[in-house]
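> sequence and predicted structure are below.
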Amino acid sequence: MRTSWADAVANADSSAAVTSASPSNVATVAPSPSRGGRAAYVPPHLRSRQQSSESSAATAAPAISDAPLTRQPPPFVAPPAGGSRWGSGPIRDPSRPSARGGSGGWNTRGGGWDRREREANPFAKDDDTSEAACDSQENSGINFDAYEDIPVDTSGENVPPPVNTFAEIDLGDALNENIRRCKYVKPTPVQRHAIPISLAGRDLMACAQTGSGKTAAFCFPIISAILRQPPGQRQRGSRTAFPLALILSPTRELSVQIHEEARKFAFQTGVRVVVAYGGAPINQQLRDLERGVDILVATPGRLVDLLERARVSLQHIRYLALDEADRMLDMGFEPQIRRIVEQMDMPPRGQRQTMLFSATFPKEIQGLVYGLLVEHSIDDQARVILNHGPQLEGTRLASDFLYNYIFLAVGRVGSSTDLIVQRVEFVLDSDKRSHLMDLLHAQRDSGAHGKQALTLVFVETKRGADSLEHWLSMNGFPATTIHGDRTQQEREAALRSFKSGATPILVATDVAARGLDIPHVAHVVNFDLPNDIDDYVHRIGRTGRAGKSGLATAFFNDSNASLARSLAELMQESNQEVPQWLSHYAAARSYSSGGGGGGRNRRSGGARFGGRDFRRDSSYNRGGGDYYNGGSGYGGGSTGASSAGPGVTSAWD
DNA sequence: AAAAAAT
């Protein structure tokens, strides 16, 4: 008790006016917000502060009314010449200490004595590694040919047209310079469409294939918009940070990665990006926040902690981005996300701009729930029904968070690219290890210089990851592992070691399935297949990135029978060779899991795909009785929705 | 049944 974080806060705060910080106080349950009156809601941790005349809450309010949030792009306000942070220059902006680099330990010292240090160059890391040339080539060498003829589906009111070049969009000089530094020559398809939509101030639900540049698609417009409409005066001495943008992601490593990218995009713009995630000492993160934050990248748990400590307030949030949005709104995360988005002090939808991004978007999460298609405009009415339906507890509606949004699908949602060669092999559990060994041997023999190409091996359990890693290491294959039972230091060290090639085999649970951009992964092995085809899509998407090719091998046996049908269909759609035995499995399964049959796996069959905006579904107008009508699999997702028909193949199919 | 996410 003595060493609880609450005590630590109390001890650390020299101010006499510190909020009472007993655990019971912070654990206060927020009153349930009424839908209309959210603006008046003051979270418990801010209430006592309002009495102080210099209170953060009190000074914060005018800043918002000075810069009313609008649905239109604000008038352009040029950033102060020469400089940043609205007048003071980048030199004064204390940088993050040069990051936890190769040392492997936490950088807890922080560098408080070095406050005038120049903003650390986020591009420096690229340049001082031997792989710099390689990386540069890679960035400039994005295989845009692979991006030709992609079916693109947009819907919603007044969809802004796509752009063909970055130059067409006025992102501002500083951002353009960073785009040049990143060696991005032209926007990827998702960027071409999403950036103008976002710059127009519209909410967005965007689906695009793995490795197609989603991070930049939501970061560029956020940074650009912040530059155009800088925040009002910052209160000095406040211990509460008021970020303007919040980017949430489902894993810590993904947050770290988004932060690293966002720092590059925001370099010397004066826009400050901070990351906060669990498993790491909170003190450095608190210091970073205290120095000021415009864009906060976070995992949900740590953010809730920071909100409870009143070290972060969401009152000034203008932009909210959920990366891997379907995952964020899935069962495990949804309550936390709802709490952050709906029950703290974030402006409600319509008063902020919200963007959801993912490579997969099950219709359930788009908003099709148990046959009821719910659009936000009729939402309140429908919600009454939903909330009173006994089986409808825990419904997840992405549209809860969106206002008059635009739906964007680049490529067929949830499909994989045929740049990835997918193989499925029937392997009994007892044979998996030796089979993996065979693959690794063959790979090593055929590889250049007898070196092991980077191979990412997915297993089902954390224990299984450890034991396979141990076995591989014992058998002469340098391997490491990443999973949720390892310390955060170990996790990050494992990722570094894998990226550098020191341990060219990484055994991972699903913690590494989504979003991680690891260059040069040649081979993804699904040692244990996931139960959910969407997870499969994300896993194999760790290879074949930026238009490059890759290989994915899956070990299939009886225990994966429930995946057979969706796997076979996915492979067929991606122009992969489907083994006959797999088709048999698929056929044998289809009577029980397909159509309107079992429904045990809510993602089975046609309901999985959000290849199109559910608002356009014809059943939307039929009152929602026949919701399994798309159950014939992929057909439901392609009924004239794409600019290319269902039979048309492309690199993005 | 498992994984992830706060301490």
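Cool, got the structure.
> spell out which parts of chain A neighbour DNA strand B.
A:4-5, A:250-253, A:277-280, A:282, A:298-305, A:308, A:331-333, A:336, A:460-464, A:483-485, A:509-511, A:531-532 (C-beta under 7 Å from any atom of the strand). Glycine gets a C-beta too; all of them are placed from N, C-alpha and C.
> can you turn the buried part of those residues into a ChimeraX selection?
This is how ChimeraX selects the buried members of the residues of chain A next to DNA strand B, with burial counted by 16 or more other C-beta atoms under 10 Å:
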select /A:250,251,252,253,277,278,279,280,282,298,299,300,302,303,304,305,308,333,336,460,462,464,483,509,510,511,532
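> in helices, which of the residues of chain A next to DNA strand B appear?
A:5, A:252-253, A:282, A:300-305, A:308, A:336, A:462-464 (DSSP state H).
> neighbours around A:P161, how many?
A:P161: 11 surrounding residues under other C-beta atoms under 10 Å.
> ok, now how distant is it from DNA strand B?
37 Å (C-beta to the nearest atom of the strand, to the nearest Å).
> which ones are touching that residue?
Counting by C-beta atoms under 8 Å, 6 or more residues apart in numbering, A:P161 makes contact with A:P196.
> quick check, pLDDT for it.
Note for A:P161: predicted pLDDT of 96.
> then A:V273?
A:V273 is assigned a predicted lDDT (pLDDT) of 97.
> quick one, what contacts it?
So A:V273 contacts A:259, A:262-263, A:266, A:293-297 (C-beta under 8 Å, 6+ apart).
> can you check A:E177 too?
With C-beta under 8 Å, 6+ apart, A:E177 has these contacts: A:Q268.
> in the stretch 251-400 of chain A, which spans are helices?
Assigned by DSSP state H, counting those that start in this stretch, the helices in the stretch 251-400 of chain A fall at A:252-266, A:282-290, A:300-308, A:325-328, A:334-342, A:363-366, A:376-388.
> ok so, going back, ok, and the most crowded of the contacts of A:V273?
Busiest of those [other C-beta under 10 Å] is A:V297, holding 30 neighbours.
> surely A:Q443 meets A:H523?
Yes. Contact status for A:Q443 versus A:H523: in contact at 6.6 Å, counting by C-beta atoms under 8 Å.
> these two: which is more packed in?
Shown here are A:Q443 and A:H523; by other C-beta under 10 Å, A:H523 has more neighbours (22 against 17).
> assign a three-state SS to that one, would you?
Secondary structure for A:H523, judged by DSSP: H, G, I helix; E, B strand; the rest coil, is strand.
> just grab the bridge partners of it for me.
A:T455, A:L551 (DSSP bridges).
> list the residues that contact it.
Contact analysis of A:H523 by C-beta under 8 Å, 6+ apart lists A:439, A:443, A:453-456, A:543, A:550-553.
> that one and A:L440, how far apart?
9 Å (C-beta to C-beta, to the nearest Å).
> list the residues that contact both of these two?
A:T455.
> lowest-confidence entry in the ones in helices among the residues of chain A next to DNA strand B?
Among those, A:W5 carries the weakest pLDDT, at 33.
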